[in-house]
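Colleague: 3D, please:
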Amino acid sequence: QQSGRRYNLFLKRRLRIDKRHESKDSVFFRDGVRRIDFVLSYVDDLNKEWEKKLERRKEFERNLQKAGLELETEDKKESEDGKIYFVKIHAPWEVLITYAEVLNIKVPIKENDIPSTVENPLDCMLTPFRLPEKVMHPEPDYFTAPFSKDKQELYLISDESTFFSPSMRNRIVNYILTRCPYGTEEGKKKFGIKRLLNNGTYSAAYPLHDCQYWKKASDPNCDNERYTLYMEWARFLRFYKEQPLDLIRKYYGEKIGIYFAWLGFYTEMLFLAAVVGVICFLYGLFTMDENMSSKEICDPAIGGEIIMCPLCDRECEYWRLNTTCESSEYSHLFDNVATLFFAIFMGIWVTLFLEFWKRRQARLKYEWDLVDFEEEQQQLQLRPEYEAKCTQKKKNPVTQEMEPYLPLTSQAVRFCISGTTVLFWVSLIIASMIAVIVYRLAVYAAFASLMENTQTLQPISGLLTPQLATSVTASCLNFVIIMILNFIYEKIAIWITDMEIPRTHMEYENRLTMKMFLFQFVNYYSSCFYVAFFKGKFVGYPGEYTYMFNRWRNEECDPAGCLIELTTQLTIVMAGKQIWGNIQEAIVPWICNWWGRRKARSNPENLYSRWEQDHDLQTFGALGLFYEYLEMVIQFGFITLFVASFPLAPLLALMNNILEIRVDSWKLTTQYRRPVAAKAHSIGVWQEILNGMAILSVVTNAFIVAFTSDMIPRLVYYYAYSESADSPMSGYINNSLSVFEIADFPDRNKPKDNPEGFDKCRYRDYRYPPDHERRYLHTMQFWHILAAKLAFIIIMEHVVFIVKFFVAWMIPDVPADVKAKIKREKYLTQKILHEYELDKLKERLCHGDKRATEKEFIATEGRMELSSAM
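Modeller: Predicted coordinates:
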């Protein structure tokens, strides 16, 4: 009996193999003719809502068929785990042409006859970086026009089954799915696949990849575009090759294509910034031995004889200046004359990047038929959620049609709740930053005591000072807090944006973008702003220190300056974010997919169908690109806002982005379901955010050079206070440290021990000595330095802004050849359409159509002549 069961099971599996042998890796219905444009899946779970879900599915699928779509269901017995039903959807020609007209999709009318641009003589040098022509340009360039059902003879329709690309087809089907009703619940009409996915009626909805990524499909009609993308784009070994942007756009749609175009362009521009940054760093490295400040600090006869005041109350001891020898030498790597040059250079670089990107974007808009896309956006992007939740209607003044709207009072209440929530979370970040500052102040004394009394730490005490140990641990703690707050706020931001009920998809993305960016800006940059502009600036002086909450004494900078600490903070947060981002983007989806496919590997490949393979992949989601942009824009902030403190930041960003392009392409091609194709003519609101950060970066870098680095005090000493003509910078360290009488210490500040009986100590400031009539007040040199800092900020900002705006004015946003091509294409398209109408009119006249009058014929011909003359 048992052997009989096994034989039956064998026959059953054999039948499944035979039945699906032809379609195991196919994107067609069982007839092998109709293409699968979309797949819905669901699990038939017998819980209390089972009947309700069944009714919704029946109604929804019935309405899909009424809309003209064709469905084919795969029974759960045919699925790998025996639990999942798959509903395959095909859009026939009649549906495609109807909705192509509704969506204003542009289709070919004539092959482009405009000659390509003149070849660059340097192209032969770029050959190793090029991809094959078939990969770079998968289809010819055409003149296009919006599709119209009445003018089908006008378009280059050679084969109805391939005229609309798979990405166009899935976009059309998705448009129907998001608007298809499935019944009435609680007196309200319910519709849209998104709502059905949220309530569990369906478990997934996705278009299919055209083949497996590691091998070509057995079907000879398959384009194998996924395989081509993987082989030529998604493998890391192709990191030095250009990106096949036209193929990306054809397979994934314009929205994803424009993201990879922007990321690739940003990475190319980073190469120049990285080269200049490395040169500035090497300058600091090669001039380390010539730095007089670190020489004096390290000299036992100078730095070894200078006794510094304790850095904390009671517990800390007096210390000799030469104990900070190594850190002062390393600070010269980033705090030198090249820093000023690099800050000015990056102010100009960011303008060049943004202006040249506008030109690149304009070229893509022309090449990808997105020139008139903004008008389409207003007509097509009304969100189904907005239509469903807004029960009141009013007449649209443009279309004169009734459409849903949200009353002003409701909008005001929702905005108030949203704004309050955002302010609360921003306040929470500031509170967490204050907590990290308190941690810095509280543990500094512990680190100082530990390093003084622990023998094992003595060999590295010169390099790992208490200041550096505090800074590193505080930076790591700050990074952990950043990631936790970030994770929670993402959910909150999506919830409050949903609550606002934005009208269009673009409006939704823009609102969510501003909320997320504001939060991330404060979250990631607040600690860097603290170290750059607040730490060591409000310390007071011995005997009159300032305290946070009257308990913790404010931190002091290292005698060599605060710039090295800003560099440490920037490196930890920036590098940590990039490493964590790549782990999240690549490793987590791979593990999830491996776990999901573990059962399928034990069965013959024949039983693992195309729709099941894609079902087991991760979902890219509507906000997938949003997170990619956010990650890159935050990185852009690190390499522009604080670049004066770390010239190697562009190099780190360049190496990360080379990896990022391949990681993003790999996960999109291999680890995620195929996203629904979407159109976009630009990077959207991110362009304005980048412009704002570019302007802010000039201000922050001017302040960093003036107030965080020691450049201005050194220059003032060099030109006004130096006493040696042979060595102008000798004596600078002694000049920059003030004297304090130890006997003037109040009991609260006085160290417990003074074993060597010091009577005076030094501190970093410009104040009169204790024997002066104006003891402990600021010297004239302090005011000279402050005036020089303010003058420097004003001069640097004005110089950089003038150059920035001049460069922006000099570089046109749209290249001249693109302008000419746009005009030429509009003219030719208009001419072709007019000729078509004239031919149709002639045909009607010949057939004796009474409605086709001679006057109409003359008017049409006249319109052609007028168009030609213009």
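Colleague: hmm, Lys804 is touching Ile348, no?
Modeller: Yes: assessed by Cβ atoms under 8 Å, Lys804 is found in contact with Ile348 at 6.6 Å. C-beta here means a position set from N, CA and C on the backbone, and glycine is covered the same way.
Colleague: mind telling me what element the closest residue to Leu245 other than its chain neighbours is part of?
Modeller: Distances taken as Cβ to Cβ, 6 or more residues apart in numbering place Ala261 nearest to Leu245, at 5.4 Å, with adjacent residues excluded. Using DSSP states H and E, Ala261 maps to helix 254-286.
Colleague: for the stretch 651-800 of the chain, what spans make up the helices?
Modeller: 686-703, 711-716, 732-736, 780-810 (DSSP state H, counting those that start in this stretch).
Colleague: for the shortest one, packing partners?
Modeller: Here helix 732-736 is seen to pack against helix 292-298 when contacts are counted using 3 or more Cβ pairs under 8 Å, 6 or more residues apart in numbering; DSSP states H and E.
Colleague: packing partners for whichever helix or strand comes after the helix it packs on?
Modeller: Note on helix 292-298: by DSSP H and E, the next helix or strand toward the C-terminus is strand 307-308. Other helices and strands packing on strand 307-308, by 3+ Cβ pairs under 8 Å, 6+ apart, are strand 319-320, strand 760-764.
Colleague: off-centre distance for the shortest one?
Modeller: Spelled out, that is strand 319-320. The chain centre lies 47 Å from the centre of strand 319-320; the measure is Cα atoms, centre = their mean, to the nearest Å.
Colleague: beyond it, next helix or strand please.
Modeller: Next in sequence after strand 319-320, counting helices and strands by DSSP H and E, comes helix 325-331.
Colleague: for the helix holding Ala261, which positions count as buried?
Modeller: For helix 254-286, the neighbour count (16 or more other Cβ atoms under 10 Å) marks 254-267, 269-270, 273-274, 276-277, 280-281, 283-284 as buried.
Colleague: any idea how far the residue nearest to Leu245 lies from Tyr629?
Modeller: Distance of Ala261 to Tyr629, computed by Cβ to Cβ, to the nearest Å: 13 Å.
Colleague: and for Phe86?
Modeller: Phe86 is 33 Å from Tyr629, by Cβ to Cβ.
Colleague: output the contacting helices and strands for the longest helix anywhere in the chain.
Modeller: In terms of residue count, the longest helix belonging to the chain (DSSP state H) is helix 408-453. Counting contacts by 3+ Cβ pairs under 8 Å, 6+ apart, helix 408-453 packs against helix 466-500, helix 505-533, strand 547-548, strand 552-553.
Colleague: contacts only, for the residue nearest the centre of the chain.
Modeller: Nearest to the geometric centre of the chain sits Tyr629, at 1.8 Å (Cα atoms, centre = their mean). Tyr629 is in contact with 259, 513, 683, 686, counting by Cβ atoms under 8 Å, 6 or more residues apart in numbering.
Colleague: got the angle between the helix or strand hosting it and helix 686-703?
Modeller: Applying DSSP H and E as the criterion places Tyr629 in helix 624-641. With axes from the mean of the first three to the mean of the last three Cα atoms, to 10 degrees defining the directions, helix 624-641 sits at 20 degrees from helix 686-703.
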